[in-house]
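Chemist: Sequence first, then the predicted structure:
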Amino acid sequence: MKDDRLLEMRVFRAVVEHGGFTAAARVLDVSQPFVSQIISALERRLGVTLLHRSTRTHRLTPEGEQFLAQSIRLLEDLEQMELQIRSPVPVGELRVSAPMAFGMDQVVPAMPEFMARYPQVALYLSLSDSMVNLLRDNFDVAIRMGRLQDSSLITRKLCDLQRVVVAAPSYIARQGQPVTPQGLAQHKCLLWAGPLDHLNRWPFMEKGRRRELTVSGDFRSVDGSSLFQMCVAGMGIMRLAEHLAIPAIRRGELVLLLKDYQARDDTAIHVLYQRERQLVPRIRAYVDYLVDVFREPPWLSSGPSERSATFYRHT
C-alpha cells in the first residue's frame, strides 16, 4: 500500500517556507500542478483547510500551523534517525527554551563547554519568561523554574529553587528597611505581571507558621531581568531567586532583608523534554550535561555552610 504522508509533509513544509506553490515546486524540482495536487489531496484526507489561498499569499490556518509544527518535528526526527545509524554521536540543531534571567545568568555561561564537547550540535536558544509548548513551538528542551504543571513531558530536576527578600543599599538609605513582614506594606515592592503574578504572594515563617503576604508597588514586569535590574538600581524590594541574589549580596549590590522570617520554598529548577524524544542523542547529551552542571549550583560555590550561616536561615 502506497503511503504518501512523508511526501505530503515535505511538500507542505516547502510551500510554507518558500512562500507559495511555484517557489516550492522550483525548490523541490517538480511541477507547480504537482505541488497543488499534493496539498489538495492532503487537505481532503485530513478534512481541514491548511492554507488560506489568495493570488498573492498563502496564510496558514490554525490547523495548518499545528500540522506544520508536527511535520517539521517528524521530518527532523527521521533525519536524526538516519544520522544516528550513520553516526551515534550527537548531531543536528538543538532548540532550547529558558527563562530570561536564569538563561542569561546561568544557561548561557554553560553553553560554550557543551558546544566544545559536541561540535556537531548547533544550539538555538530562546530566552523568555513565557511558557512555551515544546511541540507547538518546536523546542527540544525547556528549562523551567517553580512548580510544574502535570504533563506528559519527562522532567529531570536540576537543583532546588529558593527566593530571598532583598533590596539595594541605596533603597535602604532612602526608605529604611522592614523589620517584620507586615512592614512591607510601607514599602515599594517590585512585582511580577501576567502569568507569574502569583509570585507577588510572599511566604514567611512567623511563630512557627507559614503565612503569605500579597505585596504592592508601582513597578511591574513580565521580565525577571528587568525586575532584578530595578532592584539593584534601588527602586524597590524584591523576592529574588538565589542564583541572582547570593552573588549580588556578595558583591554588595543587594542586602538580605527579613532573614529571621525566611521561608523555605518547595520548588525547583527542572529540564523538560518530550517522552518520545528521550533517545535522541543531542537531547540526551544536553540534559545529562545540565544535570551535571547544576548538581553543585554555581552560585553556591562557597559551600552550603556559608549559605546557611551568612545569607539566611530557613525555618
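Modeler: Perfect, thanks for sending it. Numbers count the residues shown, from 1 in each chain.
Chemist: for the stretch 151-300 of the chain, what are the low-confidence residue spans?
Modeler: Under the criterion pLDDT under 70, no range of the stretch 151-300 of the chain is flagged.
Chemist: Helices of that one, residue ranges please.
Modeler: Remark: helices assigned in the stretch 151-300 of the chain by DSSP state H, counting those that start in this stretch are 169-175, 224-232, 242-250, 281-293.
Chemist: mind listing what's buried in the shortest one?
Modeler: Across helix 169-175, burial judged by 16 or more other Cβ atoms under 10 Å covers 171-172. Every C-beta, even on glycine, is put in place using the N, C-alpha and C of the backbone.
Chemist: Outside of it itself, list whatever touches it.
Modeler: Residues outside helix 169-175 that contact it (Cβ atoms under 8 Å, 6 or more residues apart in numbering): 187-188, 233-237, 252, 254-255.
Chemist: from those, which is closest to Leu127?
Modeler: Of all the contacts of helix 169-175, the one sitting nearest Leu127 is Ala233; the distance, using Cβ to Cβ, is 21.0 Å.
Chemist: For the closest one, which non-adjacent residue is closest in space?
Modeler: Here the nearest residue to Ala233 in space, its sequence neighbours aside, is Ala168; by Cβ to Cβ, 6 or more residues apart in numbering that works out to 6.8 Å.
Chemist: What is the neighbour count of Gly198?
Modeler: Rather than Gly, residue 198 is His. 11 (other Cβ atoms under 10 Å).
Chemist: any idea what sits nearest it, other than its immediate chain neighbours?
Modeler: When the adjacent residues along the chain are set aside, His198 lies closest to Trp192, with 7.9 Å between them (Cβ to Cβ, 6+ apart).
Chemist: Just the buried ones out of the contacts of helix 169-175, please.
Modeler: For the contacts of helix 169-175, a burial check counting by 16+ other Cβ under 10 Å picks out 187-188, 234-237, 254-255.
Chemist: now that we're looking at the nearest residue to Val291 once chain neighbours are set aside, how far away is Ile283 from it?
Modeler: Taking Cβ to Cβ, 6+ apart, and ignoring the residues beside it in sequence, Val291 has Arg156 as its nearest neighbour in space, at 5.9 Å. In this view, Arg156 and Ile283 are 11 Å apart by Cβ to Cβ, to the nearest Å.
Chemist: Would you map out the domains in this protein?
Modeler: Each structural domain of the chain that the record assigns through automatic domain parsing is listed here as a residue range: 5-84, 90-161+267-300, 163-263.
Chemist: Centre of the chain to the first one, how far?
Modeler: Here domain 5-84 shows a centroid-to-chain-centroid distance of 29 Å under the convention Cα atoms, centre = their mean, to the nearest Å.
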